[in-house]
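Colleague: Could you work out the structure for the sequence below:
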Amino acid sequence: QVQLVESGGGLVQAGGSLRLSCVVSGRTIGNYAMGWFRQAPGKEREFVASIAWSGTLTQFADSLKGRFTISKDNAKNTVYLQMNNLKGEDTAVYYCASGREPYYIRGRQIDYWGPGTQVTVSS
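Modeller: Below you'll find the model as predicted:
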């Protein structure tokens, strides 16, 4: 049984930073693309970032480039999302996702989702 469990969310002031973690069990992240999505109240879930199986290819939503980074530790089977210079519009539930393909997440089939972690940015 594959499980994804996010952690690291919370309340932060605008301009602050958070690092989200996603621990995966039942699937080796070194074989698949992994990613993060978010959903703000009243909005659809949107793509945030992804990292390929090799860790050498990353993608980000255009609006987040330069503020967010994605990384992973295959030995820990964990994916991270570092979020810097947070803004009020970053407030959302952040979801970890495991893709079906090795390179990309955006616009591709998602096999597994985590339950999400809340990030709230106060201004």
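Colleague: Is residue 63 part of a helix or strand, or is it coil?
Modeller: Three-state call for residue 63 (DSSP: H, G, I helix; E, B strand; the rest coil): helix.
Colleague: residues near it, how many?
Modeller: 13 (other Cβ atoms under 10 Å). All C-beta atoms are positioned from the backbone trio N, CA, C, and that covers glycine.
Colleague: Residue 16 too?
Modeller: 14.
Colleague: roughly how far apart are the closest residue to it other than its chain neighbours and residue 39?
Modeller: Leaving out its chain neighbours, the residue that sits closest to residue 16 by Cβ to Cβ, 6 or more residues apart in numbering is residue 86, at 5.5 Å. Residue 86 sits at a distance of 16 Å from residue 39 (criterion: Cβ to Cβ, to the nearest Å).
Colleague: So the two - more neighbours on which side?
Modeller: Neighbours per residue (other Cβ under 10 Å) separate residue 86 from residue 39, with residue 86 holding more: 21 against 14.
Colleague: still on that earlier bit, so the residue nearest to residue 16 touches residue 10, yeah?
Modeller: No. Using Cβ atoms under 8 Å as the test, residue 86 is too far from residue 10 to be in contact (10.9 Å).
Colleague: what sits in contact with each of these two?
Modeller: Residues touching both residue 86 and residue 10 by Cβ atoms under 8 Å, 6 or more residues apart in numbering: 18, 119.
Colleague: so the residue nearest to residue 16, which of the three states?
Modeller: Residue 86 ends up coil, using three-state DSSP.
Colleague: List the residues that contact it.
Modeller: Applying Cβ under 8 Å, 6+ apart, the residues near residue 86 are 12, 14-18, 67, 119, 121.
Colleague: what does residue 123 give?
Modeller: Contact partners of residue 123, counting by Cβ under 8 Å, 6+ apart, are 13-14, 88.
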